[in-house]
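Peer 1: What follows is a predicted structure for the sequence shown.
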Amino acid sequence: MITAAALAALATACAVGSWRFTTARWTSRAPRVAIILWQSLGVAWGLATTGAMLAYAVQPYGVGVMPGLIAFADGRPPRDAWDPLHVLAMTAGLTALAVLVVVLLTAGVQALRARRRHRMLLALISRDDPGVPGVRVLDHPGAAAYCVPGLRSQVVVSEGALKLLSQDEMTAVLAHEAAHVRERHDLVLLPFAALRRALPWSKVVCEAQAQVELLVEMAADDRARRYCSPRRLATALLRFGTAGAMPTPHGMLGVQAQNVMARVDRLIKPGPELSTGLRYGILTLSVTLVTSAPFLWFIQL
């Protein structure tokens, strides 16, 4: 019972922490640190929620969650008699865990298929341009710039974007898209999109996904401004916003019209960086969250 209570307390703390985190104001000062904390909260919440139910379910075995599940799978009789609540907890815990795993795998497979289809389409309708080497160009008057992530990643821009942006602005946009590819932001977003599918009614999950989507854009902005002028990237974002950027294809990462002003203000008037002590404190909290739930799965309190 103590293990189940500890896991339930951890799940509650992660849920409350996520709700409070949606209104945090420091995240734009350290987007990568904020992304790590969001990931830690999500992993810890999922493992703690399912673990609390399973810990109660295997209580008759008198062991931890994983040893209890192994004993249950092997058909070994429990030390104490089962009762209907233990059976219900086992059913609910295994179902919740299966749903989370299946939804994550389904989202990943669908993203891979969408990218494969899009690469095939790009091979037919896009072209190379000596003005932007290594980039695929679409003959479309609308403004678009996005990347196709993966092992065979590609950066794509439209003819409309080439006409809309100056050379320096295009360099800044391409640096931003290259940052998405290099840091594999598609993998960062995938679990949150999957969790949104599993819990479409949850306002906190919706807010978390929106927050992480903005944070990965800010993280890409930070890497891009190492290679270009922040002001050029800001003006490029404004041009996309006012011109009405084309929607980014499903499963890709691209320039979005949402939250443009927040990113522009951050590029032009960057705030003070998060203090080193606070950064390490948040990272320590993240590591603690990620390790606590698995630890509680293997011990009996």
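Peer 2: Yep, that arrived.

Peer 1: Find the helix or strand that residue 50 is a member of.
Peer 2: According to DSSP states H and E, residue 50 maps onto helix 31-57.

Peer 1: which residues of the stretch 101-250 of the chain score low on pLDDT?
Peer 2: 244-245 (pLDDT under 70).

Peer 1: so where do the helices sit in it?
Peer 2: The residue ranges that make up the helices of the stretch 101-250 of the chain, judged by DSSP state H, counting those that start in this stretch, are 159-164, 167-182, 185-198, 203-224, 230-243.

Peer 1: so which of these comes closest to residue 32?
Peer 2: Closest approach to residue 32 among the helices of the stretch 101-250 of the chain is made by helix 203-224 (5.3 Å; Cβ to Cβ). Yep, even glycine has a C-beta here, placed from its N, CA and C like the rest.

Peer 1: mind listing what the most centrally placed residue in the chain touches?
Peer 2: Nearest residue to the geometric centre of the chain (Cα atoms, centre = their mean): residue 189, 2.7 Å. Residue 189 sits next to 209, 212, 213, 216, 253 when contact means Cβ atoms under 8 Å, 6 or more residues apart in numbering.

Peer 1: Would you mind giving those residues as JSON lines with distance to residue 60 added?
Peer 2: As requested, these are arranged in JSON lines below (distance: Cβ to Cβ, whole Å):
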{"residue": "209", "distance to residue 60": "39"}
{"residue": "212", "distance to residue 60": "40"}
{"residue": "213", "distance to residue 60": "44"}
{"residue": "216", "distance to residue 60": "45"}
{"residue": "253", "distance to residue 60": "48"}
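
Peer 1: Which of these ranks first by neighbour count?
Peer 2: With neighbours set by other Cβ atoms under 10 Å, the maximum within those is found at residue 253, which has 25 neighbours.

Peer 1: Not including adjacent chain positions, what is the nearest residue to that residue?
Peer 2: Computed as Cβ to Cβ, 6 or more residues apart in numbering, the closest residue to residue 253 that is not its neighbour in sequence is residue 180, at 4.4 Å.

Peer 1: and that neighbour, how many neighbours?
Peer 2: Applying the criterion other Cβ under 10 Å, we find 25 residues in the vicinity of residue 180.

Peer 1: same deal with residue 291?
Peer 2: Taking other Cβ under 10 Å as the definition, residue 291 ends up with a neighbour count of 12.

Peer 1: element containing it?
Peer 2: Assigned by DSSP H and E, residue 291 belongs to helix 276-298.

Peer 1: Quick one: mean pLDDT over that helix.
Peer 2: Across helix 276-298, the average pLDDT comes to 92.
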